[in-house]
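# Quick one, what's the 3D model for this:
(chains A, B and C)
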Amino acid sequence: MNPSSVITAKWNHVADSNSVTKFIDVTLRGCAQVMFQNNPLTGLIFFIAIFIAAFAEGNPAAAFGCVLGTVVATFTGLFSRDRTSWLSGLYGYNGCLVGVALPTFLAATPQLWGCIVIGSVVSVIATVSIADVLKTWKVAALTAPFVLTTWVILLASYAFSGLPTSSLPAPALPHSFTDAAAEGLFHARGVMAVFNGISEVYLFSSVTAGVLFVIGLAVASRWAAIFAVGGSILALITAALLGANTTSIETGLYAFSAVLTAIALGSTFNKPSWRVLSYTFIGVIFTVLVQGAMNTLLVPVGIPTLTMPFVLASWLFLVPNKDIMPSHRRGQ
Amino acid sequence: MNPSSVITAKWNHVADSNSVTKFIDVTLRGCAQVMFQNNPLTGLIFFIAIFIAAFAEGNPAAAFGCVLGTVVATFTGLFSRDRTSWLSGLYGYNGCLVGVALPTFLAATPQLWGCIVIGSVVSVIATVSIADVLKTWKVAALTAPFVLTTWVILLASYAFSGLPTSSLPAPALPHSFTDAAAEGLFHARGVMAVFNGISEVYLFSSVTAGVLFVIGLAVASRWAAIFAVGGSILALITAALLGANTTSIETGLYAFSAVLTAIALGSTFNKPSWRVLSYTFIGVIFTVLVQGAMNTLLVPVGIPTLTMPFVLASWLFLVPNKDIMPSHRRGQ
Amino acid sequence: MNPSSVITAKWNHVADSNSVTKFIDVTLRGCAQVMFQNNPLTGLIFFIAIFIAAFAEGNPAAAFGCVLGTVVATFTGLFSRDRTSWLSGLYGYNGCLVGVALPTFLAATPQLWGCIVIGSVVSVIATVSIADVLKTWKVAALTAPFVLTTWVILLASYAFSGLPTSSLPAPALPHSFTDAAAEGLFHARGVMAVFNGISEVYLFSSVTAGVLFVIGLAVASRWAAIFAVGGSILALITAALLGANTTSIETGLYAFSAVLTAIALGSTFNKPSWRVLSYTFIGVIFTVLVQGAMNTLLVPVGIPTLTMPFVLASWLFLVPNKDIMPSHRRGQ
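Numbering: from 1, shown residues only, chains lettered A, B, ... in the order given. Take a look at the predicted model:
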């Protein structure tokens, strides 16, 4: 029995003892479910990484928003009939991302905090709604509830003076990127880019946070950690070969969706095998192309892709192999 | 037995007497179904409101287009096998809206009248098609057939010299709205805005029409009238707190989708209760955010949102509670 | 027994004799399935037309890409369990179009050839995925896998310096087209436009290729050839009456989606009858409106509509009449 198993067993005992610790347990699992892990220790490590990265970037509102969003969404999930999903943190992860994303792009006005609360509540309704629609094809909602809810609020921010932007990209017409690229990638910055890519799942560009996320994953699943790192590396190489903007590659912007695709296709919804590995390989490369495509598509409306490239590529690749899907996939 | 019940009973007798009066009866119900009412008197009051508002705005083509669209769609619906839906006016309401919307944004050329006819026919095919897709999750088509058909023709108008625009917004890049706002709302103009918001369901900004629509609703359902007014008030307050453009608020542009969401979630697809009331409350607030989001999203392509914010928000909120849906919802 | 039947019978004997000729047979059928035909001779005539048109336009990469895409997609389809669909060429036609479309809009860099391979592989995964989703309503995937895969790569080309454009339209804001139009259509150029419209299904504007496509169709199905020509004529007339750009009409840009809608609704998924003919008539007119709408919609992001107007209009028109759908429709 390794140390993390011992800690987990002890914590489970404490968590079951009363409703406050149970709620904390489920909230931590909600944070871990962003990367598909049902493990409170993973969630705790993730929250620590988020606080380190948010304060390092001078934006503590992102960390507090993240906690607020996870708590509100977890509380809202109590109204659902599906207790199993609630206990696994499956109603919390979208609110977790809503809470970290909104303060990343919008200024911290009172209306913003209101929108984090409303957005987290709606993320739970959207989770039930999208999961219900997608169960027809036995596919999970993934982070679609987060992306759709956050897109609505970010787009709406252009119309409302109470929601001023802090760092949304200005709407523009797309133009071709033609610079030469990428020789620096195979130096030290390339290694940093691998971890930035993992960290960008939570919208931070932080090597420290990236390393902590990998540790948090490894606590719950070695395969998840391996696929996260492997997916990030493959995404960097693909983006470099296609001639993407070097700065975007280094900050991890071509990797974060690919990291999630790699974990999802490689370890969460399929058991690792050579066949699954080839399928995941193609899925990760395609996710990088979808990332480039959505970057272009959203330029005229001035919002970021968030994790939609992961969602779309993974849906496309998950429908055909639903016959071999483990039963827990239905719940997410 | 109140006076409107007496009139309704007498009319039903006349309507059943021959196929011409039956067709008129179903056409009137089609107009009433825009706000979910299966009642010919409501439809008659709505048509009167439409004529008053269209002539007041100097655009009689919108009123005649509305009648033409409802008649063509009702006639097309005769080819469907679902006689129950036809009798309830459920094949007419999308054509009704196509007919009022096209002359609101395009000049009255011969091609426009052709497009109203084609659009009304296609709205029925779209109603059958979308209803068939959505019945998998027991959700109604709502006004999606109207919005999609009208969007196609409005977007196409940019490509065809025979369909010149009269009042489409010029395509542009979105920019943030930063003006201070909204102190005037809690004066007399606020009361007018409540009724403008209801009137904008049919694309008019008219207090008289708004009052008539409320009366028409009350004839068929007190709860529908109450939720319409309540939804409009809540939408105004939400938009004002978020800092929306005061002129847009006063003309009802943030309220019309919210009015439909309020009637749909509060009285049509659920029986009123405290739980339903809370759910509707969140749904209306979210509809205002979706309205702001879609305003931004459509700026680059120069078309209005129509009632799509209502459709998207209501679909999201209706899927999770389909278990408590009354059977008549399947038909719409 | 007519000559083409004799050739077909002999070829079938050769094709069954070994796995190389079988693969060639299925690859040819893949090319023919772009226009819904399961016939290797049709595919051969189509490939000849494609080579003639590609060399005439000085872009041989489009012809070689077309062969590469069809071969890669057919090979990928071998991994599917659905042998019947594979034998009919239903895994090849989307790769065929990916292979012809990418070199039409992008310069022939090494990365482009890599994207044709990846795109063709993904087109098969997308075919399985979309067909699986749509079989809920017994509707075929049509060319949606091609359009979505190609859109992703074309949009992504703006972000990657290794994928420079050769002829993508520059992103812009839509503006109304107001020129007078169309008197020249009813002269010789009108006849050429009919065949250009059919040729544009494969993205060429070539009368010779258009005539060959009609011959290839007639070899497999007289009705398909008749509906292709009839659909093209009706689309030209509709576009001219609406006042479209004359050059666009003459190069066939308003007809190619309508041609596919006409074949699909008129002969592939329904048996020809007066009722089907009226329905197809409305479907073709609506496809022209959707073509105009999507032209506007995609202006800000600088990509072509490809055959999406056909896909959307046909889906809308196919869902309601799925009860009379022949069983082979499920496979596509």
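# got the residues of the stretch 101-250 of chain A near chain C?
Counting by C-beta under 8 Å from any C-beta of the partner chain, the residues of the stretch 101-250 of chain A close to chain C are A:136-137, A:173-181, A:239, A:241-245. Backbone N, C-alpha and C define where each C-beta goes, glycine included.
# got the residue ranges for the helices in the stretch 1-150 of chain A?
Under the criterion DSSP state H, counting those that start in this stretch, the stretch 1-150 of chain A carries helices at the ranges A:3-15, A:19-32, A:40-56, A:60-77, A:83-87, A:93-105, A:110-134, A:144-157.
# can you tell me the residue of the stretch 51-200 of chain A closest to chain C?
Sorted by distance to chain C under C-beta to the nearest C-beta, the residues of the stretch 51-200 of chain A start with residue A:173, at 4.3 Å.
# how far away is that residue from residue B:168?
Relative to residue B:168, residue A:173 is positioned 20 Å away (C-beta to C-beta, to the nearest Å).
# neighbours around residue A:58, how many?
Here the neighbour count serves as a burial measure; for residue A:58 (other C-beta atoms under 10 Å in any protein chain shown) it reads 8.
# tell me the phi and psi of it?
The main-chain torsion angles of residue A:58 are listed as degrees, to the nearest 10 and equal phi 70, psi 20.
# Please verify my assumption that residue A:289 contacts residue C:152.
Yes - between residue A:289 and residue C:152 there is a contact at 5.4 Å, judged by C-beta atoms under 8 Å.
# Of residue A:173 and residue B:168, which one has the most company?
With neighbours defined as other C-beta under 10 Å, residue A:173 and residue B:168 compare such that residue B:168 has more, 19 against 16.
# for the more buried one, helix, strand, or coil?
Of the three states, residue B:168 takes coil according to DSSP: H, G, I helix; E, B strand; the rest coil.
# That one against residue B:154, yeah?
Yes - in this structure residue B:168 lies within contact range of residue B:154 using C-beta under 8 Å: 6.5 Å.
# what sits in contact with each of those two?
Residues touching both residue B:168 and residue B:154 by C-beta atoms under 8 Å, 6 or more residues apart in numbering or on different chains: B:105, B:106, B:303, B:304.
# and which of the residues you listed is nearest residue C:88?
Using C-beta to C-beta, residue B:303 comes nearest to residue C:88 of the shared contacts of residue B:168 and residue B:154, at 40.4 Å.
# tally of neighbours for the closest residue in space to that closest one that isn't next to it in sequence?
Setting aside the residues directly before and after it, residue B:303 is nearest to residue B:154 in space (C-beta to C-beta, 6 or more residues apart in numbering or on different chains), at 4.8 Å. Neighbour count of residue B:154, defined by other C-beta under 10 Å: 25.
# Spit out the contact partners of residue B:154.
For residue B:154, the set of contacting residues under the criterion of C-beta under 8 Å, 6+ apart consists of B:102, B:105, B:106, B:168, B:303, B:304, C:293.
# show me the contacts for the third one.
Pointing back at residue B:106 there. Per C-beta under 8 Å, 6+ apart, neighbours of residue B:106: B:112, B:115, B:153, B:154, B:157, B:163, B:164, B:165, B:166, B:168.
# partner residues bridging it?
Beta-bridge partners of residue B:106, counted by DSSP bridges, are residue B:165.
# Can you pull the phi/psi pair for the residue in the stretch 101-250 of chain A that chain C sits nearest to?
Using C-beta to the nearest C-beta, the single residue of the stretch 101-250 of chain A nearest to chain C is residue A:243, 3.5 Å away. With angles defined as degrees, to the nearest 10, residue A:243 sits at phi 80, psi 40.
# again, but for residue A:204
Recorded main-chain torsions at residue A:204 are phi -110, psi 150, according to degrees, to the nearest 10.
# repeat for residue A:160
As for residue A:160, its main-chain torsions (degrees, to the nearest 10) stand at phi -120, psi 120.
# Which residues are in contact with residue A:282?
Contacts of residue A:282 were listed using C-beta under 8 Å, 6+ apart, and they are A:317, C:118, C:121, C:122, C:125.
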